[in-house]
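1. Quick one: sequence plus predicted model below, questions after.
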Amino acid sequence: MRINIILTFVSILVFSLCISSQTEPDNAGVSAGIRMAHEAQELREAGKIDEAIALYNKVIAAHPDLEMAYFGRSLCYQAKNEYEKELADLNEALKLRPGVKLFLYNRIKANLNLSKYSDVLNDATILIKEADHPEIRYYRAVAFYELRDLDEAVEDINVVISKEPLFAESYMLRAGVNFEKRNWQTALTDVDKAISLEPDKSRYKGTRIGLLRRLKRYEDAVAEITGLIEKNPDDPVQFLWRAGVLTETEEYKRAKNDVEKALALKPDLVDAHLSLGVIYFLLEDYDKLIDVSNNAIKAGPEDPMAYNNRAFAYIMLGKTKLAQSDISKALSIDPKHQFARNNNALLLIGQKKYNEAIKITDELLSEDGEFAYGYLNRGLALVGLRRYEEAITAFTRAIELDPKLRRAYIARAGAYTSLKMKQEAEADLATSAKLLEGLKKVKLD
């Protein structure tokens with residue numbers, strides 16, 4: 001991106017100026033240290049990163065107060081994607097020379113790579129007060145967005161766009177804010193602007209497809225993806241995009257065919273195995289869900305969703321010990337994983353630990369108020385506590401969010417039965433039976 005390219009050249013220029021500014025040494029020892037730092041810089045620029053680090057280590061050992069040695073070594077760690085080490089050296093450089101703009105600028109980027117968004121916010125605000133550059137504004141907007149301060153994020157993004165109207169990522173970030181606010185059409189407008197600026201970005205097109213799905217413009221989504229596939233039939237991801245839309249429109253056979261095409265192109269594509277899992281999950285074929293989850297785990301042993309999906313199938317088949325093992329694995333990879341936490345609540349319900357389950361579902365729903373499965377499990381826990389009216393409210397909300405969530409109808413029928421509301425219970429059981437009949441008619445082969 002143009003902004004980043006410009007700033008990269010500025011950074012290199014400033015670094016050289018900073019080194020040369022120390023060519024008037026206080027003594028011969030410091031002069032030798034500066035010469036070694038120059039040599040280390042040349043090694044780094046030649047791509048000899050490990051040799052440069054070794055030389056910077058010697059400089060720092062002999063001259064621990066030479067801030068540019070720490071900064072130079074931080075650039076080496078940046079090149080190796082060792083961001084914690086990069087950050088440590090930048091902190092040392094700033095201790096020796098507080099407030100240096102270049103050091104703060106690089107610390108912002110290091111903290112972004114480490115997802116330390118509060119620290120990004122602090123440093124970016126300092127730099128904006130001194131030199132309001134659009135790139136720094138953009139980084140602060142990213143921090144605001146990740147910290148879910150969406151209004152502040154938009155304010156910064158608008159400033160960036162006013163100064164750099166050709167910077168596509170700003171439009172994508174603003175689209176992300178509107179996505180969080182569920183302003184799908186507004187988000188789509190920004191994505192379209194980004195695509196007009198950088199038409200070859202696959203990620204932008206994928207985001208556009210996702211927004212078309214949110215807007216329920218399924219035919220448009222399928223048509224666009226089909227056009228992309230015709231232009232590049234060797235991209236497995238595009239087949240997965242179309243499979244996702246077809247799954248949502250319940251065209252499961254066509255969706256499965258697209259997933260299989262993706263796997264033919266890339267057999268170890270984890271997302272393809274997971275997409276196949278979604279189909280079997282929706283069809284309530286739990287044995288098949290276990291099979292495809294095994295394949296997903298083989299392809300991506302550190303993907304939490306693969307373990308979560310297998311855990312859910314185990315729960316449905318009554319294999320709770322196996323389910324607990326998989327949920328523990330998923331949460332060890334991603335402690336905040338939405339579905340794994342929700343399935344953990346489902347296991348707790350089976351253990352009659354209803355209050356613990358409600359605590360988990362309440363946390364999940366505070367994070368995502370449109371999580372249908374969270375409402376379902378909350379309702380199940382409330383049934384366990386014989387709080388049937390509250391449970392019905394939870395099940396009803398789950399059904400509003402996902403009208404084809406069959407288990408919610410069955411659960412609500414049970415709650416109605418406990419309240420001797422026979423007619424309502426029969427209506428829900430009839431709806432569940434009709435949904436099940438539709439699932440049984442699906443033929444994937």
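-> Perfect, I can see it now. Residues are numbered from 1 along each chain as shown.
2. outside of stretch 335-352, which residues touch it?
-> With contact meaning CB atoms under 8 Å, 6 or more residues apart in numbering, stretch 335-352 is reached by 304-305, 307-308, 311-312, 315, 320, 323-324, 327, 330-331, 334, 354, 356-358, 360-361, 363-364, 367-368, 371, 373-374, 377-378, 380-381, 384. Backbone N, C-alpha and C define where each C-beta goes, glycine included.
3. can you pull out the strands in this structure?
-> For the chain, no strands are identified by DSSP state E.
4. and it, what are its domains?
-> 1-107, 115-198, 336-445 (automatic domain parsing).
5. Nearest to residue 211, out of the ones you listed?
-> Closest approach to residue 211 among the domains of the chain (CB to CB): domain 115-198, 4.5 Å.
6. just to revisit the earlier point, for my notes, please list the domains of the chain in TSV and give mean neighbour count for each entry.
-> Converted to TSV, the domains of the chain look like this (neighbours: other CB atoms under 10 Å):
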stretch	mean neighbour count
domain 1-107	17
domain 115-198	19
domain 336-445	18
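7. hey, least reliable of these by pLDDT?
-> Between those, the lowest average pLDDT goes to domain 1-107, which shows a mean of 79.
8. if I look at the closest residue to residue 265 other than its chain neighbours, how far off is residue 201?
-> Distances taken as CB to CB, 6 or more residues apart in numbering put residue 236 closest to residue 265, at 4.1 Å, once the chain neighbours are dropped. Distance from residue 236 to residue 201, counting by CB to CB, to the nearest Å: 18 Å.
9. Neighbour count for the two, which is higher?
-> Comparing residue 236 with residue 201 by neighbour count (other CB atoms under 10 Å), the higher total belongs to residue 236, at 19 against 15.
10. any idea how far the more buried one lies from residue 273?
-> 12 Å.
11. Need the overlap of contacts for those two.
-> In contact with both residue 236 and residue 273: residue 263, using CB under 8 Å, 6+ apart.
12. Let me have the domains of the chain in TSV, extended by distance to residue 281.
-> Output for the domains of the chain, formatted as TSV (distance: least, CB to CB, whole Å):
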stretch	distance to residue 281
domain 1-107	35
domain 115-198	24
domain 336-445	10
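13. The stretch 1-150 of the chain: helices as residue ranges?
-> For the stretch 1-150 of the chain, the helices defined by DSSP state H, counting those that start in this stretch occupy 2-20, 28-45, 49-62, 67-79, 83-96, 101-113, 117-130, 134-146, 150-163.
14. Need those helices in JSON lines (columns: distance to residue 397).
-> Output for the helices of the stretch 1-150 of the chain, formatted as JSON lines (distance: least, CB to CB, whole Å):
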{"stretch": "helix 2-20", "distance to residue 397": "44"}
{"stretch": "helix 28-45", "distance to residue 397": "57"}
{"stretch": "helix 49-62", "distance to residue 397": "54"}
{"stretch": "helix 67-79", "distance to residue 397": "47"}
{"stretch": "helix 83-96", "distance to residue 397": "41"}
{"stretch": "helix 101-113", "distance to residue 397": "37"}
{"stretch": "helix 117-130", "distance to residue 397": "31"}
{"stretch": "helix 134-146", "distance to residue 397": "28"}
{"stretch": "helix 150-163", "distance to residue 397": "24"}
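15. of all the ones you listed, which lies closest to residue 415?
-> helix 150-163 (36.4 Å).
16. so of the contacts of stretch 335-352, which ones are in helices?
-> Residues of the contacts of stretch 335-352 located in helices (DSSP state H): 304-305, 307-308, 311-312, 315, 320, 323-324, 327, 330-331, 354, 356-358, 360-361, 363-364, 367, 373-374, 377-378, 380-381, 384.
17. what mean pLDDT would you report for stretch 295-313?
-> Mean predicted lDDT for stretch 295-313 stands at 97.
18. ok, residues contacting it?
-> Applying CB under 8 Å, 6+ apart, the contact partners of stretch 295-313 are 267-270, 273-274, 277, 281, 286-287, 289-290, 293-294, 322-324, 326-327, 329-331, 333-334, 337, 339-340, 343, 346.
19. got the end-to-end distance for it?
-> Stretch 295-313 has an end-to-end distance of 14 Å (CA to CA, to the nearest Å).
20. mind listing what's buried in that stretch?
-> By 16 or more other CB atoms under 10 Å, the buried positions in stretch 295-313 come out as 295-297, 299-300, 303-313.
21. Understood, closing this out.
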